[in-house]
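J.: have a look at this prediction, sequence included:
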Amino acid sequence: MKNSSFATMFNRITFIARLVMNDENLTWEDIDYKWRDSPLCDGTTLNVRQLRRDRERIFELYDIDIQPRRVDSGVYCYHVANRNKIAHDSILRWTLNTLAVAETLAGFHSLRDRIIFEDYSPDPHLLPVVLEAMDNDKQISITYKRFDNVSAKVHSVEPFFIKDYQHRLYMIARITGKKHPCVFGLDRILSITPLETKFKMPKGLTAEEFFEDCFGVFRPDGMKTERITIRAYGDEMYYIDTKPLHHSQVAIGFLDLSFGSCDFQLYLKPTNDFIGFLLSRAERIEVLEPLWLRKKLQSSLNRSAKLYAEMEASSESA
């Protein structure tokens, strides 16, 4: 493969972008050495001129501004000059992390039948149409079938955001004429048609702001943000600590198995997504407050226990 090929160029600039994002003490010689040692490398090498061109491409593609700076030893190392600007770019993080995994797997083709990744469920042709409409602030017409409906309905909607949740893609959109946006699963859209009708995106509203105090993909109108305290038992405390349920999460106490449990406090809207998660971990997570949420989960668990008890009694009497 020639050095000028698109595939090699794309692999190289992505590799460099991820490399400098993780380590800002690398000279061009260091970068060249690590590139030649990468399974993505086709045998080509880097020089300062090539690296300069690659830095320009990285900025064009990822908006990552990599610049040289002189360090105390007198040599020039490369750093991300606009790190603060891109620090909260979730798409960039997802892209670089995904490509990092792809790069790692590239060197282990023989293990393909021993590694499984979950796939997305929606039709891949839907997402580009939605994104195009979002980019141009234009409405789309969708034929949508909810799981709890027998028949599908046609809606003209104004697409605001896309969110990934539990390996499903959701579109947050406002039905034309309605006040508040709704959530539509892309895997439940049967057909989609672009419209020429423009809509006005709420000024300054971002997806991060919209879901600021939410867990999952739903954001019910009028639901208050509440302080929620949960207790995690056993090694569940480490799972919750290493992958927080929400950005507001703080640990109260010590993460130590000898204590048996650890409490965590969060500030969010207790949506059905959040309640569903708590129920799925019911033997390992206990809600301490608010009291109404604790009672709601207790009631759900009692109904579940009753179902199992009735089934067991029925099987014994048969």
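T.: Looks like it came in fine.
J.: from now on I want contacts and neighbour counts done on CA atoms only, so please keep to that.
T.: Noted.
J.: check Ser317 and give its pLDDT.
T.: Ser317 is assigned a predicted lDDT (pLDDT) of 69.
J.: my bad, Tyr308
T.: Note for Tyr308: predicted pLDDT of 89.
J.: how close does it sit to Ala81?
T.: Distance of Tyr308 to Ala81, given as CA to CA, to the nearest Å: 59 Å.
J.: what does Glu118 give?
T.: The value you get for Glu118 to Ala81, if CA to CA is used, is 35 Å.
J.: try Asp241
T.: Asp241 sits 31 Å away from Ala81 when distances are taken as CA to CA.
J.: neighbour count: the two, which is higher?
T.: Between Asp241 and Ala81, counted using other CA atoms under 10 Å, the more crowded position is Asp241 (16 against 13).
J.: so that one is in which element?
T.: Per DSSP states H and E, Asp241 falls inside helix 236-242.
J.: what's the burial count for the closest residue in space to Lys200 that isn't next to it in sequence?
T.: For Lys200, the nearest residue in space outside its immediate sequence neighbours is Asp137; the separation is 6.8 Å by CA to CA, 6 or more residues apart in numbering. Residues near Asp137, counting by other CA under 10 Å, number 18.
J.: so Asp137 sits right up against Lys198, yeah?
T.: Yes. Assessed by CA atoms under 8 Å, Asp137 is found in contact with Lys198 at 5.7 Å.
J.: show me the contacts for the residue nearest to Lys200.
T.: If a contact means CA atoms under 8 Å, 6 or more residues apart in numbering, then Asp137 has 158-159, 198-201 as its contacts.
J.: for it, give me the pLDDT.
T.: The score at Asp137 is 94. That number is its pLDDT.
J.: what backbone torsions are found at it?
T.: Torsion angles at Asp137 (phi, psi; degrees, to the nearest 10) stand at phi 50, psi 50.
J.: that one and Phe161, how far apart?
T.: Between Asp137 and Phe161 the distance, using CA to CA, works out to 11 Å.
J.: Met21 in helix, strand or coil?
T.: When states are read from DSSP: H, G, I helix; E, B strand; the rest coil, the local structure at Met21 comes out as helix.
J.: where's it relative to Gly216, distance?
T.: Using CA to CA, one obtains 28 Å as the distance from Met21 to Gly216.
J.: so the most centrally placed residue in the chain is in which element?
T.: Nearest residue to the geometric centre of the chain (CA atoms, centre = their mean): Asp164, 5.6 Å. In the assignment (DSSP H and E), Asp164 maps to strand 153-165.
J.: show the subsequent helix or strand relative to that strand.
T.: Heading C-terminal from strand 153-165, the first helix or strand you meet, by DSSP H and E, is strand 168-175.
J.: just the CA trace of that following strand, in CSV.
T.: As requested, C-alpha coordinates have been extracted for strand 168-175 and formatted as CSV (Å, rounded to 0.1, in the frame of the first residue of the first chain):
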residue,chain,number,x,y,z
ARG,A,168,-29.8,1.6,20.7
LEU,A,169,-30.0,4.9,18.9
TYR,A,170,-32.7,7.4,19.8
MET,A,171,-33.9,10.6,18.1
ILE,A,172,-35.1,13.4,20.3
ALA,A,173,-37.5,15.4,18.2
ARG,A,174,-40.5,17.7,18.5
ILE,A,175,-43.7,16.7,16.7
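J.: so what strands line up beside it?
T.: strand 153-165 (antiparallel), strand 182-185 (antiparallel) (DSSP bridges).
J.: now do the buried residues in that strand.
T.: Judged by neighbour count (16 or more other CA atoms under 10 Å), strand 168-175 contains these buried residues: 169-175.
J.: and for stretch 145-153?
T.: Going by neighbour count (16+ other CA under 10 Å), the buried part of stretch 145-153 is Lys145.
J.: how about stretch 259-278?
T.: Of the residues in stretch 259-278, those buried by neighbour count under the rule 16+ other CA under 10 Å are 261-271, 273-274, 278.
J.: other residues contacting that stretch?
T.: In contact with stretch 259-278 (CA under 8 Å, 6+ apart) are residues 213-220, 223-234, 237, 246, 248-256, 285-286, 297.
J.: mean confidence for that stretch?
T.: If you average the pLDDT over stretch 259-278, you get 94.
J.: and it, how far out from the chain middle?
T.: In terms of CA atoms, centre = their mean, to the nearest Å, the centre of stretch 259-278 is set 19 Å apart from its chain centre.
J.: now do the same end-to-end measure for that stretch.
T.: The first-to-last residue distance of stretch 259-278 comes to 21 Å (CA to CA).
J.: do stretch 239-259 as well
T.: Taking CA to CA, the span from the opening residue of stretch 239-259 to its closing residue is 16 Å.
J.: that one: which residues count as buried?
T.: Neighbour-count burial for stretch 239-259, counted by 16+ other CA under 10 Å, picks out 240-241, 245-246, 249, 251, 255.
J.: check stretch 14-32 too.
T.: By 16+ other CA under 10 Å, the buried positions in stretch 14-32 come out as 14-21, 24, 26-28, 31-32.
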